[in-house]
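Undergrad: What follows is a predicted protein model with its sequence.
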Amino acid sequence: MSSRLIGVGVGPGDPELVTVKGVNALRAAAIVVVPVMDTGERGRAEATVLHYVPAEKVVRVVFALNERTDRARREDAWDAAGERVAALLRAHDSVAFATIGDPNVYSTFTYLAQTVAALVPDTVVESVPGITAMQDLAARSGAVLTEGTEPLTLVPVTAGSAVLKEALAGPGTVVAYKFGRQAAEVADALRETGRLGDAVWGTALGLDGESVRPAADLDGGPLPYLSTLIAPPRRDGGRGGKL
């Protein structure tokens, strides 16, 4: 029988935002893997999972998630993590991997699945969708992500501020992920493109220390890495015309 690797999206951090299907997948799996940084602290995925499954079922696997400069060290950590999960799959019929947000949106799971598939070729890979940070921020702030025929552009600011500026100069709503370390550049880009007034940002959504604020409050100081921005387009206020 082939083993199953299931990527389960557990949302941005609020344990109440895990779907029923996600909870069932976590509980049905023989083992639940959670990613941890090599510094060892508990991450959002682990904290969320522990609301639904016993600690003895959870396996912490180290990923060099905070490594940005030493590629060799990062690759070594990935190889070790892949081998660890592959070993678990050889010993169990199903392993769930808990990831914040959605497993198919900028997730560690996609890289892990590729690595494990090469190590254990008969593994069946599945995923359970999760609530994303942009959805949670929209709900908490009252920002509307899209109306009518508006496009929605999602940009990881780790790709560079030029990518964000290009998106902001276009139509529709722009969502920026992981912008905390470049908050000053993001604020400048919003001002240059006339998007500052209606934009909102948030961090630690659903957790202690949650902050949801207008982008106009950005003062250039550093923010948590996992900060999210929503910059809606200017709308004419009409109802139903673009449906």
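TA: That came through, no problem.

Undergrad: ok, Gly82 - contacts?
TA: Leu112, Thr115, Val116, Leu119 (Cβ atoms under 8 Å, 6 or more residues apart in numbering). C-betas here are computed from N, CA, C, even on glycine.

Undergrad: Adding neighbour count and distance to Ser2, write those residues out as TSV.
TA: Formatted as TSV, those follow (neighbours: other Cβ atoms under 10 Å; distance: Cβ to Cβ, whole Å):
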residue	neighbour count	distance to Ser2
Leu112	25	17
Thr115	16	17
Val116	24	12
Leu119	15	14
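
Undergrad: so what are the domain limits for this protein?
TA: With domains defined by automatic domain parsing, the chain comprises 4-128, 133-231.

Undergrad: can you list those in TSV and add mean pLDDT?
TA: Output for the domains of the chain, formatted as TSV (pLDDT from 0 to 100):
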stretch	mean pLDDT
domain 4-128	91
domain 133-231	92
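
Undergrad: next structured bit after the longest helix seen in the chain?
TA: Secondary structure of the chain per DSSP state H: the longest helix is helix 71-91. Where DSSP states H and E defines the elements, the next helix or strand beyond helix 71-91 is strand 94-99.

Undergrad: okay, that following strand in CSV with CA atoms only?
TA: Extracted in CSV, the C-alpha atoms of strand 94-99 (Å, rounded to 0.1, in the frame of the first residue of the first chain):
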residue,chain,number,x,y,z
SER,A,94,-0.3,8.5,6.4
VAL,A,95,1.6,11.6,7.5
ALA,A,96,0.0,15.0,7.6
PHE,A,97,2.1,18.1,7.2
ALA,A,98,0.6,21.2,8.9
THR,A,99,1.3,24.5,7.2
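
Undergrad: which other helices and strands contact that strand?
TA: Applying 3 or more Cβ pairs under 8 Å, 6 or more residues apart in numbering; DSSP states H and E, we find strand 94-99 packed against strand 4-9, helix 20-28, strand 31-36, helix 44-49, helix 71-91, helix 108-119.

Undergrad: Could you pull up the residues touching Gly9?
TA: Gly9 neighbours (Cβ under 8 Å, 6+ apart): 19, 22, 99-103, 107, 127-131.

Undergrad: Surely Asp198 touches Leu190?
TA: No. Contact criterion Cβ atoms under 8 Å: Asp198 and Leu190 do not qualify, at 9.7 Å.

Undergrad: which residues touch Ser115?
TA: Actually, residue 115 is Thr rather than Ser. Trp78, Asp79, Ala81, Gly82, Val85, Ala86.

Undergrad: residues in contact with the fifth one?
TA: Read it as Val85. The contact partners of Val85, by Cβ under 8 Å, 6+ apart, come to Leu5, Val33, Val61, Val95, Phe97, Leu112, Thr115, Val116.

Undergrad: can you do 7 Å?
TA: Val85 is in contact with Val33, Val61, Val95, Leu112, Val116, counting by Cβ atoms under 7 Å, 6 or more residues apart in numbering.

Undergrad: Now for those residues: which two are most distant?
TA: Val61 and Val116 (11.3 Å; Cβ to Cβ).

Undergrad: show me what contacts the residue nearest to the spatial centre of the chain?
TA: Residue closest to the average C-alpha location in the chain (Cα atoms, centre = their mean): Gly101, at 4.2 Å. Gly101 is in contact with Gly9, Gly11, Pro12, Ser107, Gly130, Thr132, Ala133, counting by Cβ under 7 Å, 6+ apart.
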